[in-house]
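J.: Quick check, what structure comes out for this input:
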Amino acid sequence: MRILIAEDEPTSRLLLEKTLSGWGHELVVCTDGGQAWEVLQQPTATAIAVLDWMMPELDGVDVCRRSRQTEGLESLYIIMLTSRESEADVVAGLDAGANDYITKPFRRRELAARIGVGERVVELQQQLAQRVTELENSLGKVKTLQDLLPICSYCKKIRGDNNYWKQVEGYIDDHADISFSHGISPDCYTSIVDPQLAELEAELAPKDPGNKT
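T.: Okay, here's the model as predicted:
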């Protein structure tokens, strides 16, 4: 997973780098909030960001708030890194749009757990976005039929927009993504096919040589 780290304190930043890279993550490392905001606006922005609360230029809360107001960054998973742990501070960070927070100095197991939650959320968001795209593509290919279809009472043909009468399957084939496979209903088999088969069998039956009529 590609993760952005924004931390101005060198020791904490280095510890984050070594920990996350050791777990196999690709990192983008920033030393202040202004640099982090520039990176996040690039087309190859990360899916997860770990932001220190107190940083030069822009603090983590400012970066978080801007991200939530920027198209394309609404789904960025943000973990706020802070030495503040009062209820008011936690609420302020979450109100700004942070998904989670972790206090400094962080514990490796807790960091791993919170990053893991972020990965699962990002993966679910990506899967949902893919499903939405597939659904939109499918809906875009669907052709709708007219609300009222003029159909002949005798031959059951449908009159098209150009006043040309077509078989039902031909009309639907032109107006919807549907393919037909033909069969015979039981009623038609009894009333049409059976008599035709009986007539054919009678024609093919051997003649009685003793019958000279």
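
J.: thought residue 76 was touching residue 67?
T.: Yes - look at residue 76 against residue 67 with CB atoms under 8 Å: they come within range, at 5.2 Å. Bear in mind the C-beta positions are built from the backbone N, C-alpha and C, glycine included.

J.: Mutual contacts of those two, please.
T.: Common contacts of residue 76 and residue 67 (CB atoms under 8 Å, 6 or more residues apart in numbering): 40, 49.

J.: pLDDT-wise, which helix or strand of this structure ranks last?
T.: None of the helices or strands of the chain scores lower by mean pLDDT, DSSP states H and E than helix 168-175, at a mean of 69.

J.: How is the protein divided into domains?
T.: 2-139, 158-203 (automatic domain parsing).

J.: Please work out which of those is packed deepest.
T.: Most buried of these, by mean neighbour count (mean count of other CB atoms under 10 Å): domain 2-139, with a mean of 16.

J.: show me the contacts for the closest residue to residue 58 other than its chain neighbours.
T.: What sits nearest to residue 58 in space, not counting adjacent residues and going by CB to CB, 6 or more residues apart in numbering, is residue 33, at 3.0 Å. Listed by CB under 8 Å, 6+ apart, the contact partners of residue 33 are 6, 51, 55, 56, 57, 58, 59, 60, 62, 63.

J.: Show me those residues that map onto helices.
T.: 60, 62, 63 (DSSP state H).

J.: can I get those residues in a markdown table with distance to residue 89 and pLDDT?
T.: Shown next, in a markdown table, are the ones in helices among the contacts of residue 33 (distance: CB to CB, whole Å; pLDDT from 0 to 100):
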| residue | distance to residue 89 | pLDDT |
| --- | --- | --- |
| 60 | 11 | 91 |
| 62 | 15 | 92 |
| 63 | 16 | 93 |
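
J.: now, which of those residues sits nearest residue 15?
T.: Among these, residue 60 lies closest to residue 15 (CB to CB), at 17.1 Å.

J.: Confirm residue 78 sits in a strand?
T.: Yes - counting by DSSP: H, G, I helix; E, B strand; the rest coil, residue 78 is found in a strand.

J.: next one: phi and psi at the closest residue to residue 111 other than its chain neighbours?
T.: Excluding the flanking residues, the one nearest residue 111 by CB to CB, 6+ apart is residue 102, at 6.1 Å. The phi/psi pair for residue 102 (degrees, to the nearest 10) reads phi -140, psi 140.
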